[in-house]
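**Student:** need the 3D shape of this:
(one chain, ligands or ions: 1)
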Amino acid sequence: MVATQPPHYQPEAHRRCPWCGSAETRFVQRGYTGPTDEVDQYFTCASCGKVTYELVAKTAREMRLGRFHAGGVYQDRANKTRYHVNRVLKVGINEYLIYLKPIVGPEAAPASAGM
Ligand SMILES: [Zn+2]
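**Tutor:** Numbering: from 1, shown residues only. Model prediction:
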């Protein structure tokens, strides 16, 4: 067997961390049966440890509580990151997918009380 892949070949699942720019990421795809039963799609960064969501699944109830809508802002409090909501898609009787785009920049650090 001879390796014939060009040196620059990168699988499509190779993501770059939007928060620190590192390419040391591990991508987790939604919906495939496997060792994990993920409903969200995201990748984790080995450099800064942050999680970047591309898709998050919500129930109808969570959608109402969070008031998620296209053009809005989605906050990930666990990672202290924010995203633009690109699109909301209904995928089941009680399930929605939110398509997210990271908001990177100085405004990514919201002022929060109690710190
Ligand atoms: Zn990173």
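
**Student:** going forward, measure contacts and count neighbours with C-alpha atoms only.
**Tutor:** Noted.

**Student:** give me every residue in the protein lying close to the ion.
**Tutor:** 17, 20, 45, 48 (CA under 5 Å from the ion).

**Student:** could you tell me which of those residues belong to helices?
**Tutor:** Of the residues of the chain next to the ion, none are assigned to helices by DSSP state H.

**Student:** how about TSV for those, with neighbour count added?
**Tutor:** Conversion of these to TSV gives the following (neighbours: other CA atoms under 10 Å):
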residue	neighbour count
17	23
20	13
45	22
48	14
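
**Student:** helix, strand or coil for residue 61?
**Tutor:** Per DSSP: H, G, I helix; E, B strand; the rest coil, the local secondary structure of residue 61 is helix.

**Student:** any idea how far it is from residue 67?
**Tutor:** 10 Å (CA to CA, to the nearest Å).

**Student:** pretty sure residue 88 is touching residue 95, no?
**Tutor:** No - the pair residue 88 and residue 95 fails to qualify as a contact (CA atoms under 8 Å) at a distance of 10.5 Å.

**Student:** ok, those two, which is more surrounded?
**Tutor:** residue 88 (19 against 15; other CA atoms under 10 Å).

**Student:** what bridges to the more buried one?
**Tutor:** Beta-bridge partners for residue 88, by DSSP bridges, are residue 98.

**Student:** look up how far the ion lies from it.
**Tutor:** According to CA to the ion, to the nearest Å, residue 88 and the ion sit 26 Å apart.

**Student:** ditto for residue 75
**Tutor:** Counting by CA to the ion, the gap from residue 75 to the ion is 17 Å.

**Student:** looking at this, that residue is in a helix?
**Tutor:** No - Residue 75 is assigned strand when assessed by three-state DSSP, not a helix.
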